[in-house]
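# with the sequence up front, the predicted model follows.
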Amino acid sequence: MTDDTGRVLNAEFAVEPDGQRLSVILESAGGVTAVGLARNSDYTPALELILGRLRTWGALLVDALVDSQRTEQLPESERRVLDRSVRLSDVEDLSRQGRIGQAPGAQKAGNNRKRLRLRVEVPGYGVTDAARLAADLAKGVPAGSATPRPSSPLPAPRRAGEPGVVRLNEWWRDDPAECYWLEITDRDDIGANVQALQRDGSGRENWSYALVTALRPGDIVLHWHKTKHQAPGIVGYSRAVEGPFEDELVWQARGTYGQSRPANHEPQPSWRYELTGYTPLPAPVDQTAFQYAETALRQIKQKLDATYQGPLYFPFAFYASRPVRVMQAYLVKLPVAILDAVPELAAVPRVHASRPARTAPRPAGSPTRKARSRGGSGYIADPVLRQALERHAVDRAAALYDGYDIEEMGKPYDLRAVKGDQELHIEVKGSSGTADTVELTKNEVHHAYDAETHLVVVDQIQWSRDPNGEIVTSGGRVRRWTSWTPHDDRLEAIRYRYRLPTADAELPDLAGPAPGPTAARDA
């Protein structure tokens, strides 16, 4: 098996037919071989890599058994590592294998790197495709692909409809109350945005990263921070305002196996969704609160599993031998029922029933607009929110010109300020995100060339939506540029109008007139 950096792992595995399914057999790790090397010393990263590649391909883990010589005489019920079949989008604990085959009353678990049999159902692979699945798992080739995964640096992002793009199971789409998410992070600028790579370290789309594209304005993102307080926990929440945007991000993989990869310091294509209004909770909500509520959390997941088919992107993983833990992922879906099951989350605002439902699913990989490497004030799809942010920015800008007579113009500039013989024209831009760029119309640029113009940008505007749908805005960072001229070296064309030349020839109408009944029969 070759890992995502191209290193060949010291770990032996095979794939074989197993009834109507396929089984992946991972050989045990152990003592020294005849040439002095530890046998299958890369057992753990190999297991993580197998599970990760199968997870990316949408596999179902039907069963997981300890398959060693010591346990082969035991019934399968006593060799089983899982309680049930699982979609590999849910993280499962396979460490209980250490107890299997142990003598009754043993003081500690045995080897957690035993020979494992993983019975799987993988889309695109039948019972006769054992050799092909083994080869693809070894190389990391996506299911159905004829070429190996791309190497770093990552290629340009693929679009929805192309092979390999993650198709999110938006089970929450028709329920306005299901608008909660959980970001699991250790970043310093918590609440600024959610941002993740378009592809993970192996060059494949990852559902936890692709979920960034499923947010919509008004959604509430809770933030689980690993280091902000003494223990990891949910420390606050923010609201989604704009996105998703295409951006770039330098990202170092986390986790035991991720940290073993070489660091990549080059920016990679990412998805970004802007947030606003970060609000800390009265007290962090750590693992203890969810452990107390584990029974309720299990029931919530069971009910959702029974109601919706496909992955849930649930925020917690359950185990047979240890308490519930937060998912090993970046962004996960937080069912609204969890807020009622955990009293410590009472401070998180509830969404009113008047909130409109999503009108249509949006596949991952279809951003609302392309962003530059940093944020900008761009088009907002929600007209009510757009007008509220524009109104807030204009009011903040007007307040800068005390003693002037202010007149709102609209086009080709926003404000006219007059004091005695002095007349200023003011262009105003507003954004709820952090704006390092603004979008200008052709008329706005030309007007700034011809008249004394100030540019005022109000970004980082905070907002909330009342139950009646009204947007309430506050705050924001105000910056002003006087004697402003939009020089050519700072302008970037994002759209062109093309004037058609005279055609070489005007072609005849090939359709012709609509045929009558006789012509239709003849055709």
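That came in fine, so what should we check first? Treat the numbers as computed from the prediction; the structure is a model and nothing was measured. Residues are numbered from 1 along each chain as shown.

# which parts of the stretch 301-450 of the chain are helices?
Listed in chain order, the helices of the stretch 301-450 of the chain (DSSP state H, counting those that start in this stretch) span residues 337-341, 383-398, 442-450.

# need those helices in a markdown table (columns: mean pLDDT, mean neighbour count and distance to Gly52).
From N, CA and C alone the C-beta is placed, and that goes for glycine too. Output for these, formatted as a markdown table (pLDDT from 0 to 100; neighbours: other Cβ atoms under 10 Å; distance: least, Cβ to Cβ, whole Å):
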| stretch | mean pLDDT | mean neighbour count | distance to Gly52 |
| --- | --- | --- | --- |
| helix 337-341 | 93 | 18 | 26 |
| helix 383-398 | 86 | 18 | 38 |
| helix 442-450 | 88 | 14 | 49 |
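
# now for these, which one comes closest to Gly19?
helix 337-341 (37.3 Å; Cβ to Cβ).

# which elements pack onto the closest one?
helix 294-307 (3 or more Cβ pairs under 8 Å, 6 or more residues apart in numbering; DSSP states H and E).

# about what we covered before: format the helices of the stretch 301-450 of the chain as a markdown table; extra columns: distance to Val458.
A markdown table is the format used below for the helices of the stretch 301-450 of the chain (distance: least, Cβ to Cβ, whole Å):
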| stretch | distance to Val458 |
| --- | --- |
| helix 337-341 | 33 |
| helix 383-398 | 4 |
| helix 442-450 | 16 |
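
# out of those helices, the one nearest Arg479 is which?
With respect to Arg479, and counting by Cβ to Cβ, the nearest of those is helix 383-398 at 10.3 Å.

# CA atoms only for that closest one, dumped as PDB, please.
Written as PDB, here are the backbone C-alpha positions of helix 383-398 (Å, rounded to 0.1, in the frame of the first residue of the first chain):
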ATOM      1  CA  PRO A 383     -32.300  40.900  -1.500                       C
ATOM      2  CA  VAL A 384     -33.500  41.800   2.000                       C
ATOM      3  CA  LEU A 385     -30.100  41.200   3.500                       C
ATOM      4  CA  ARG A 386     -28.300  43.000   0.600                       C
ATOM      5  CA  GLN A 387     -30.500  46.100   1.100                       C
ATOM      6  CA  ALA A 388     -30.000  46.100   4.900                       C
ATOM      7  CA  LEU A 389     -26.200  45.900   4.600                       C
ATOM      8  CA  GLU A 390     -26.200  48.700   2.000                       C
ATOM      9  CA  ARG A 391     -28.500  50.900   4.100                       C
ATOM     10  CA  HIS A 392     -26.200  50.300   7.200                       C
ATOM     11  CA  ALA A 393     -23.100  51.200   5.200                       C
ATOM     12  CA  VAL A 394     -24.600  54.400   3.700                       C
ATOM     13  CA  ASP A 395     -25.700  55.500   7.200                       C
ATOM     14  CA  ARG A 396     -22.300  54.900   8.700                       C
ATOM     15  CA  ALA A 397     -20.600  56.700   5.800                       C
ATOM     16  CA  ALA A 398     -23.000  59.700   6.100                       C
END
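
# and whichever strand in the chain runs longest, what's buried?
Secondary structure of the chain per DSSP state E: the longest strand is strand 268-286. For strand 268-286, burial by neighbour count (16 or more other Cβ atoms under 10 Å) applies to 268-278, 281, 284-286.

# quick check, nearest of those to Arg55?
Lowest distance from Arg55 to these (Cβ to Cβ) belongs to Trp271, with 19.2 Å.

# just to be sure, Thr213 is in a helix?
Yes: assessed with DSSP: H, G, I helix; E, B strand; the rest coil, Thr213 lies in a helix.

# and the pLDDT for it?
Note on Thr213: pLDDT of 90.

# I'd like the distance between it and Trp207.
Computed as Cβ to Cβ, to the nearest Å, the Thr213 to Trp207 distance reads 11 Å.

# what about the helices of the stretch 301-450 of the chain, which gets the closest to Ala177?
helix 337-341 (9.3 Å).

# contacts for that closest one, please.
With contact meaning Cβ atoms under 8 Å, 6 or more residues apart in numbering, helix 337-341 is reached by 180, 293, 296-297, 300, 303, 315, 345-346, 348, 350.

# run the chain-centre distance for that helix.
22 Å (Cα atoms, centre = their mean, to the nearest Å).
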